[in-house]
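Undergrad: model the structure of this input:
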Amino acid sequence: MDKSSRARCFARVPNSIGEHVGFDQLLDAFAEGEALVANTSVHGVELAYEDAGEATFDTVLFRSCQFDGVDFSGCTFRDVRFESCRFTRVSMERAWLNRCDFISCSAPGLNLLSSRLAGVLIADSDFSLANLSEASIDQLRATSSRLREAALQSVRLKRCEFEQSDLVRLDVFRTPLKGIDLSTCEFSAPVLSSDYRELRGTLVSPSQALELASLLGVVVADEERLDEQGLRASPLSGCECIQYVYNLKYYSLSAYASKSARIRSFTRKEPTHAFDRMSSVYHQGLYGDGGDGAVHRRQHVRVLYP
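TA: Numbers count the residues shown, from 1 in each chain. Alright, predicted model coming up:
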């Protein structure tokens, strides 16, 4: 792990941690019930269908371990780092993860139902289909990871960061995403409540905003149809960021563009009564200028009212 990655970790685990605990020692600790495993490292251990007995793991490094059907329910993980570990049918339900890192791990379907996460890093890992519903999350950082079809229903999110991660079909039913920047992630087809309130104040990219607009039954026309429909383009001064704001009664989406973007705003001449009950919809197209005068990115968008 390089220095930059280490600086973004939460777990306070020394690189040269002390003794190594083996398979038999772990089983003995689990048998005691509510055991303490502290200041040690575990390398290459394979555990299958064991019950950790609500053990506490304090300042522990797990490296290249395999957990198959292991029950960590109710366990406490404090300053614990998992590196290149594999989790299969593992439960961490009602567990407390305080300053924990998952680095280059495979944990599809990991059960974290009703758990508490405080300072957790998920980096270069696969958490597809993981269940974090009803969890309490304060400071989660997911980077270059896969959380496709993960469940985060009724979750309290604080200080969460998602960077360059796969969030396709993420289930965020009754989980507000306000203030969370998803613009660098692959984010589409989320599971939402009927009024889409979870998306209020979410930060997304322009392309994501256009795709999410389809949830509302909005159809986006191409450039040629803009001219056909008589839309007027009015230049706006350059700014550091633009907002694609969908003020649809319940929520808004914001998207960022680069400083060099030149913005044009397209508006319909007359509003359509069919959208009166949903307030109004604003779309902005942008021209990206790479500095050489060429257009590198171009979007023309228009709302076609039903």
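
Undergrad: quick one: contacts for Glu163?
TA: Shown in contact with Glu163 (C-beta atoms under 8 Å, 6 or more residues apart in numbering): Arg141, Ala142, Thr143, Ser144, Thr184, Cys185. Glycine gets a C-beta too; all of them are placed from N, C-alpha and C.

Undergrad: quick check, pLDDT for it.
TA: Looking at Glu163, its pLDDT stands at 96.

Undergrad: re earlier: from the contacts of Glu163, which is closest to Gln153?
TA: The closest of the contacts of Glu163 to Gln153 turns out to be Ala142 (C-beta to C-beta; 17.1 Å).

Undergrad: beta partners of the closest one?
TA: Going by DSSP bridges, Ala142 is paired in beta bridges with Ile122, Phe162.

Undergrad: against Thr175, how distant is it?
TA: From Ala142 across to Thr175, the span is 14 Å (C-beta to C-beta, to the nearest Å).

Undergrad: was I right to think Arg94 contacts Ser114?
TA: Yes. Using C-beta atoms under 8 Å, Arg94 is in contact with Ser114, at 5.1 Å.

Undergrad: which intervals of this structure have sub-threshold pLDDT?
TA: Under the criterion pLDDT under 70, the flagged ranges of the chain are 1-7, 219-306.

Undergrad: redo that, cut-off 80
TA: For the chain, the stretches with pLDDT under 80 are 1-7, 15-16, 18-19, 215-306.

Undergrad: need the longest helix for the protein.
TA: What stands out as the longest helix in the chain, according to DSSP state H, is helix 23-32.

Undergrad: contacts for that one next, please.
TA: Here helix 23-32 makes contact (C-beta under 8 Å, 6+ apart) with 21, 35-37, 42, 45-47, 50-53, 55.

Undergrad: just to revisit the earlier point, buried ones only from the contacts of Glu163, please, as a ChimeraX command.
TA: This is how ChimeraX selects the buried members of the contacts of Glu163, with burial counted by 16 or more other C-beta atoms under 10 Å:
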select :141,142,143,184,185
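
Undergrad: assumed Leu47 was part of a strand.
TA: Yes. Counting by DSSP: H, G, I helix; E, B strand; the rest coil, Leu47 is located in a strand.

Undergrad: what about it, distance to Asp166?
TA: As defined by C-beta to C-beta, Leu47 lies at a distance of 28 Å from Asp166.

Undergrad: between those two, tell me which one has more neighbours.
TA: Comparing Leu47 with Asp166 by other C-beta atoms under 10 Å, the one with more neighbours is Asp166, at 22 against 19.

Undergrad: correct me if wrong: that one contacts Arg146.
TA: Yes. Asp166 is within contact range of Arg146, at 4.5 Å (criterion: C-beta under 8 Å).

Undergrad: overlap of the contact sets of these two?
TA: Common neighbours of Asp166 and Arg146 (criterion: C-beta under 8 Å, 6+ apart): Ser128.

Undergrad: so who does Glu134 touch?
TA: Taking C-beta under 8 Å, 6+ apart as the criterion, Glu134 is in contact with Leu113, Ser114, Gln153, Ser154, Val155.

Undergrad: what about the fourth one, neighbour count?
TA: Okay, so that is Ser154. Using other C-beta under 10 Å: Ser154 sits among 13 other residues.

Undergrad: any idea how far the closest residue to it other than its chain neighbours lies from Ser194?
TA: Once flanking residues are discounted, Ser154 sits nearest to Arg174: 4.6 Å by C-beta to C-beta, 6 or more residues apart in numbering. Arg174 sits 11 Å away from Ser194, taking C-beta to C-beta as the criterion.

Undergrad: and for Thr88?
TA: For Thr88, the distance to Ser194 equals 35 Å [C-beta to C-beta].

Undergrad: when those two are compared, which one has more neighbours?
TA: The residue with more neighbours, out of Thr88 and Ser194, is Thr88; 15 against 5, by other C-beta under 10 Å.

Undergrad: now for the closest residue to the more buried one other than its chain neighbours, how many residues are close by?
TA: Distances taken as C-beta to C-beta, 6+ apart put Asp68 closest to Thr88, at 4.7 Å, once the chain neighbours are dropped. As a burial measure, Asp68 scores 14 neighbours (other C-beta under 10 Å).

Undergrad: who's in contact with Asp68?
TA: The contact partners of Asp68, taken as C-beta under 8 Å, 6+ apart, are Glu46, Leu47, Ala48, Tyr49, Thr88, Arg89, Val90.

Undergrad: my guess is the last one meets Ser106, correct?
TA: No. When contacts are counted by C-beta under 8 Å, Val90 is not listed as touching Ser106 (10.8 Å).

Undergrad: between the two, who's got more neighbours?
TA: For Val90 versus Ser106, the count of surrounding residues by other C-beta under 10 Å is larger for Val90: 21 against 17.
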